[in-house]
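[1] I need the structure of the sequence given here:
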Amino acid sequence: MLVVLSVGLLLGWLAGGCLDRLGGVVLRRRRLVLGALVAQLLATVVGGPVFPLGLIVSAGLAIAFLGVNRSLPGTGLVALGLLANALVVAANGAMPVSAVAAARAGVPDPDLAADLRHEPADARTLLPWLGDVVPVPLPVRPEVVSPGDVLVAAGLAQLVVAGMLARRAVVPVDRHGQHRRALPPLPLGGLSPARPAPGPRGPRRS
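    Numbers count the residues shown, from 1 in each chain. Presented below is the predicted three-dimensional model:
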């Protein structure tokens, strides 16, 4: 994912984009992302049967966040990738890893027995094509990733490139296709009382 994001940053820069424009990408309901991170962290720490349940909750919160911001480029790919990962983990209790893909990528034989998040893929594996079956033979750190991971990385890279090339703020739209406009902030003292319009002034008295 880091490699794909780095390539996205490079492509955005070569196309005339700017990192400062990423600040114009407005994301709504960011607390859903925080909840997704907390659920995944608790699932990883507790382990056991809680891990697939926590991953499903985390993916659900992340997909809800992406649904709210679905008009932004790349969010559809990210949501589809998270859903694919959640489905295969829910079906098997852990992420199945293909030994053939690991050998092609040059990944050392991992001790999956001590890893609660992964398990070796075999004939009993459900939805095996959604597991870690994509070899990524990086020169320093080879990896085996899932099709869902590929979709997530591609969606994030698309969002980065689109944000760097945006001419104006990228704001999500509501279900009616209208941009949500933020109301101007009220003064610190709240609403000021209405004042009567000044009338004509009479002659001054000396």
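[2] next SSE downstream of the lowest-mean-pLDDT helix or strand in the chain?
    In the chain, the helix or strand scored least confidently by mean pLDDT, DSSP states H and E is helix 31-46, which has a mean of 84. Counting by DSSP states H and E, the next helix or strand C-terminal to helix 31-46 is helix 50-68.
[3] packing partners of that following helix?
    helix 31-46, helix 75-92 (3 or more CB pairs under 8 Å, 6 or more residues apart in numbering; DSSP states H and E). Where C-beta positions appear, they are placed from N, C-alpha and C, glycine not excepted.
[4] in it, what counts as buried?
    51-63, 65-66, 68 (16 or more other CB atoms under 10 Å).
[5] same check on stretch 139-154?
    The neighbour-count check on stretch 139-154 (16+ other CB under 10 Å) flags E143, V144, V145, S146, P147, G148, D149, V150, L151, V152, A153, A154 as buried.
[6] any chance of JSON lines for those, columns secondary structure and distance to A121?
    What follows is the buried residues of stretch 139-154, written out as JSON lines (DSSP: H, G, I helix; E, B strand; the rest coil; distance: CB to CB, whole Å):
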{"residue": "E143", "secondary structure": "strand", "distance to A121": "16"}
{"residue": "V144", "secondary structure": "strand", "distance to A121": "10"}
{"residue": "V145", "secondary structure": "strand", "distance to A121": "14"}
{"residue": "S146", "secondary structure": "coil", "distance to A121": "11"}
{"residue": "P147", "secondary structure": "helix", "distance to A121": "14"}
{"residue": "G148", "secondary structure": "helix", "distance to A121": "15"}
{"residue": "D149", "secondary structure": "helix", "distance to A121": "15"}
{"residue": "V150", "secondary structure": "helix", "distance to A121": "17"}
{"residue": "L151", "secondary structure": "helix", "distance to A121": "19"}
{"residue": "V152", "secondary structure": "helix", "distance to A121": "20"}
{"residue": "A153", "secondary structure": "helix", "distance to A121": "21"}
{"residue": "A154", "secondary structure": "helix", "distance to A121": "23"}
